[in-house]
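1. build me a model:
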Amino acid sequence: MILPGLAYINFSSFVFTGIVYIPISIILGFIAYRYYRIRGNNTLFWLLFYEFSLLTVVSMCGALSGTVFTSSSNGIVAMLVLSSFALSFSNAVLGYLFFTETKIRISPWVGFIVILMVGLVTTGLTITEQIKPLIEATGGINWGLPGYIYTLRAIVYFLGVLPILMLFWQRFIRSENMDEKRHYLFLSLMFLFILLIVIVDFILEPLLNSPALLSELAILLFAVISFTVFLIVIEITITRVEKRYRHLIENLKDLVFVLDNKFRIRYTNPAIENNLGYHPEVLKSKFVMEFVHENDRLFVEQIFNTTGNAEKSDVQFKLMDKLGNFVWVNSPGYLIPIEAWDSGGGAFLFSCHNITEIKKLQNSLIEAKEKAEEGDRLKTAFLATMSHEFRTPLSAIIGFGELIGSTELDSKKYAEYGQYILEAGTDLLDITDSIFDYSKLESGEISVTKSVFTLREFLGEITNRAFSIRDLKKKNNIDVIMLSSDEGPGIELFSDKNLIGKILKNFITNAFKFTREGFVELGVEINDRTCVFYVKDTGIGIPDDKQQLIFDRFRQLDDSHTRKFEGIGLGLAICKKISDLLGGEIWLTSNGKGGTTFYFQVFDAVNQ
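-> Model prediction:
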């Protein structure tokens, strides 16, 4: 920008100009580099990067002409041509920038092309006039250009620089954001500096024929002032922006990691301590993979090998907290590259969100859904079972009733059919009682009525009931064994005799139902004031995976339509409800291959 218009008066002035443009080149190059570093997707910063890069080229041409190529006409001509074309493109970029940043309805490319074409024509005229003596071999480079060329060049540079200077100054005046005001102040000073060069080189020097030395000193002084302002502005802005973003990151609830190329932790925000329990300083230099669940490590490594791919869907994995527990987190499926972090080279930003509570809620919903589906299945199975269990005794009652009423039978047949009807009626009554009992227990209609009764008398009643059930089930091949405590016959209990009797009746009924041969043993153990009743059989046993389920309603060892044993799956559910009502405990032991013992423990039952 300066070189084509310099009216150098002698060799020492020429060298001095070259020396002046060395620091100016460094200043412009530094400014271009800073805009490159912060450019992002900001169009203004991109254009300013291009602008200051081109100005750096122009200034370097001036520096090289006055230091390296002082005795080489060809070198000076090369720098002259390069700087002139760079200046043309620099002005064109300013034209594009002006139409981009204003609301004028003209394409920025129109401004770029018009100013570029005018600049190239002016550059062509300038270069032709300056190197004409060299071409004609009549002398050296002609630094004394005709006045019309100075005027034309001044107009071209005014068209490029003045509108953008006015735009940035206007924004400096109007902006209420202090960071923006500082930035626009710097830009205003820089373009005022460029405008000053245009005025000095193309207006004052030709008109006043002033020494180039004085103009270059003025330019250098203004450049230093502008650069100082730039450093102050950029330092304040960077400090404020860094503080703002650091405050933002440190107050995020999301976990934020900065990782190096080997995925070692270089920074974590305070949310780490809130979510995982680690102090951020403790995690520095540790490998992040140490805290990933071993089942997720291969998966997370694939994530870490993906950078900047916004199309990746979110991923979920587990991180270990300070107590050794694992926390579910959700994260984007990629890392965000960071060009530099604390002057330590490249790094990656990785963030994730604690979704442990969401996972618990999801699991609860899944469990609720599964329970609802299981309840629906059990309801269907129960209705099918009820249909079967009611139909069987009713069919027997109706069938044998018809035989008795329509056929002449001897007394033996009457007695036999009557027994069938009695057994079917008893089964039907048991089913109905079970349904009513469970319904009352569910609705809280059954209350505990405690009374004092002797253990010996109660066990006698239970034993008699056991023999009755055996006879009813027609399993006389099974022995009934009664074992009682060694505490003596005078023990008294204070509890609800009827409710305890219901529990033991269901235990005994199940024992005979599932036992083909062997024995059914009834027993009781007294420990201080605690009484434990048990019923032991040599039946088919209960598998481990069914031992807790069978206390749920409608649950049976086999709930298929082809099951071998009758029942509606309410007996043990009733026992569990009564046990809870009495404040007792109920459990079983079984090896799953044969034999089961059911226990019922009632506390504070022994009367003292």
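2. list the contacts of residue 18.
-> Neighbouring residues of residue 18 by CB atoms under 8 Å, 6 or more residues apart in numbering: 62-68, 70. For every residue, glycine as well, the C-beta is placed using N, CA and C.
3. now, which of the residues you listed sits nearest residue 33?
-> The shortest approach to residue 33 among those belongs to residue 63, at 17.3 Å (CB to CB).
4. over to the closest one. Which of the three states is it?
-> Of the three states, residue 63 takes helix under DSSP: H, G, I helix; E, B strand; the rest coil.
5. lowest-pLDDT helix or strand in this protein?
-> helix 205-208 (a mean of 60; mean pLDDT, DSSP states H and E).
6. what's the following helix or strand after the helix or strand where residue 573 lies?
-> Here residue 573 sits within helix 571-582, counting by DSSP states H and E. Of the helices and strands lying after helix 571-582 in sequence (DSSP H and E), the nearest is strand 585-590.
7. one step back: tell me how far the helix holding residue 573 lies from the chain's centre.
-> Centroid separation for helix 571-582 versus its chain: 45 Å, with CA atoms, centre = their mean, to the nearest Å.
8. give the buried residues for it.
-> Buried residues in helix 571-582, counted by 16 or more other CB atoms under 10 Å: 571-579, 582.
9. could I get the average pLDDT for the strand or helix carrying residue 98?
-> Per DSSP H and E, residue 98 falls inside helix 73-101. Across helix 73-101, pLDDT averages out at 81.
10. packing partners of that helix?
-> Judged by 3 or more CB pairs under 8 Å, 6 or more residues apart in numbering; DSSP states H and E, helix 73-101 is in contact with helix 43-67, helix 108-136, helix 147-174.
11. now do it against helix 43-67, angle only.
-> 160 degrees (axes from the mean of the first three to the mean of the last three CA atoms, to 10 degrees).
12. in helix 73-101, what counts as buried?
-> Applying 16+ other CB under 10 Å to helix 73-101 flags 76-77, 79-101 as buried.
13. can you tell me the closest non-neighbouring residue to residue 515?
-> Of all residues beyond its chain neighbours, the one nearest residue 515 is residue 539 (3.8 Å), with distances taken as CB to CB, 6 or more residues apart in numbering.
14. pretty sure the one you found sits in a strand.
-> No. Using three-state DSSP, the assignment for residue 539 is coil, not a strand.
15. contacting residues for it?
-> The contact partners of residue 539, taken as CB under 8 Å, 6+ apart, are 511, 513-516, 518, 594-596.
16. report the buried members of those residues.
-> Among the contacts of residue 539, those buried by neighbour count (16+ other CB under 10 Å) are 511, 513-515, 595-596.
17. nearest residue to residue 266 in space, please, no chain neighbours.
-> Leaving aside its sequence neighbours, residue 266 sits nearest to residue 258 (CB to CB, 6+ apart; 4.8 Å).
18. what helix or strand is that neighbour on?
-> Applying DSSP H and E as the criterion places residue 258 in strand 255-259.
19. quick one: list the elements packing against that strand.
-> For strand 255-259, the packing partners by 3+ CB pairs under 8 Å, 6+ apart come out as strand 265-268, helix 271-276, strand 347-354.
20. how far does the lengthiest helix in the chain sit from its chain's centre?
-> Secondary structure of the chain per DSSP state H: the longest helix is helix 356-406. Helix 356-406 has its C-alpha centroid displaced from the chain centroid by 42 Å (CA atoms, centre = their mean).
21. over to stretch 394-408?
-> Chain-centre distance of stretch 394-408: 71 Å, with CA atoms, centre = their mean.
22. which residues sit against it?
-> Contact partners of stretch 394-408, identified using CB under 8 Å, 6+ apart, comprise 409, 414, 417-418, 420-421, 423-425, 428.
23. just the ones of those residues in helices?
-> Using DSSP H, these in helices are 414, 417-418, 420-421, 423-425, 428.
24. do you know the pLDDT at residue 55?
-> 84.
25. let me fix that: residue 173
-> Note on residue 173: pLDDT of 80.
26. as a markdown table, the contacts of residue 18 with pLDDT and neighbour count would be great.
-> Shown next, in a markdown table, are the contacts of residue 18 (pLDDT from 0 to 100; neighbours: other CB atoms under 10 Å):
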| residue | pLDDT | neighbour count |
| --- | --- | --- |
| 62 | 78 | 25 |
| 63 | 81 | 22 |
| 64 | 84 | 22 |
| 65 | 76 | 27 |
| 66 | 71 | 26 |
| 67 | 77 | 15 |
| 68 | 77 | 13 |
| 70 | 69 | 14 |
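27. now the residues you listed in a markdown table, with distance to residue 315?
-> Formatted as a markdown table, the contacts of residue 18 follow (distance: CB to CB, whole Å):
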| residue | distance to residue 315 |
| --- | --- |
| 62 | 55 |
| 63 | 53 |
| 64 | 54 |
| 65 | 58 |
| 66 | 60 |
| 67 | 58 |
| 68 | 57 |
| 70 | 63 |
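28. tell me the one of these nearest residue 586?
-> Closest to residue 586 out of the contacts of residue 18 is residue 63 (97.0 Å), distances taken as CB to CB.
29. verify the contact between the closest one and residue 26 for me.
-> No. Using CB atoms under 8 Å, residue 63 is not in contact with residue 26; the gap is 9.3 Å.
30. count of neighbours near residue 531?
-> By other CB atoms under 10 Å, 23 other residues sit near residue 531.
31. and it, what are its bridge partners?
-> Residue 531 forms beta bridges with residue 526, residue 602, as assigned by DSSP bridges.
32. would you quantify the distance from it to residue 427?
-> 31 Å (CB to CB, to the nearest Å).
33. ramachandran angles for residue 23?
-> Phi and psi for residue 23, reported as degrees, to the nearest 10, are phi -60, psi -30.
34. residue 534 contacts residue 598, doesn't it?
-> Yes. The pair residue 534 / residue 598 is scored as a contact, 6.5 Å apart, by CB under 8 Å.
35. identify the residue spatially nearest to residue 349, adjacent ones excluded.
-> By the measure of CB to CB, 6+ apart, the closest residue to residue 349 outside its immediate chain neighbours is residue 336, 4.1 Å from it.
36. tell me which element that neighbour is part of?
-> strand 336-338.
37. can you pull the contacts of residue 504?
-> By CB under 8 Å, 6+ apart, the neighbours of residue 504 are 462, 465, 522, 533, 535, 600.
38. of those residues, closest to residue 279?
-> residue 600 (53.5 Å).
39. wait, a helix at the closest one?
-> No. If the criterion is three-state DSSP, then residue 600 is strand and not within a helix.
40. contacting residues for it?
-> For residue 600, the contact set (CB under 8 Å, 6+ apart) comprises 500, 503-504, 507, 532-534, 575, 579, 584-586.
41. out of these, which are buried?
-> 500, 503-504, 507, 532-534, 575, 579, 584, 586.
42. let's have those in a markdown table, adding pLDDT and distance to residue 481.
-> Below are the buried ones among the contacts of residue 600 laid out as a markdown table (pLDDT from 0 to 100; distance: CB to CB, whole Å):
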| residue | pLDDT | distance to residue 481 |
| --- | --- | --- |
| 500 | 90 | 20 |
| 503 | 89 | 19 |
| 504 | 91 | 14 |
| 507 | 89 | 14 |
| 532 | 90 | 17 |
| 533 | 92 | 14 |
| 534 | 92 | 12 |
| 575 | 87 | 21 |
| 579 | 88 | 24 |
| 584 | 90 | 23 |
| 586 | 90 | 21 |
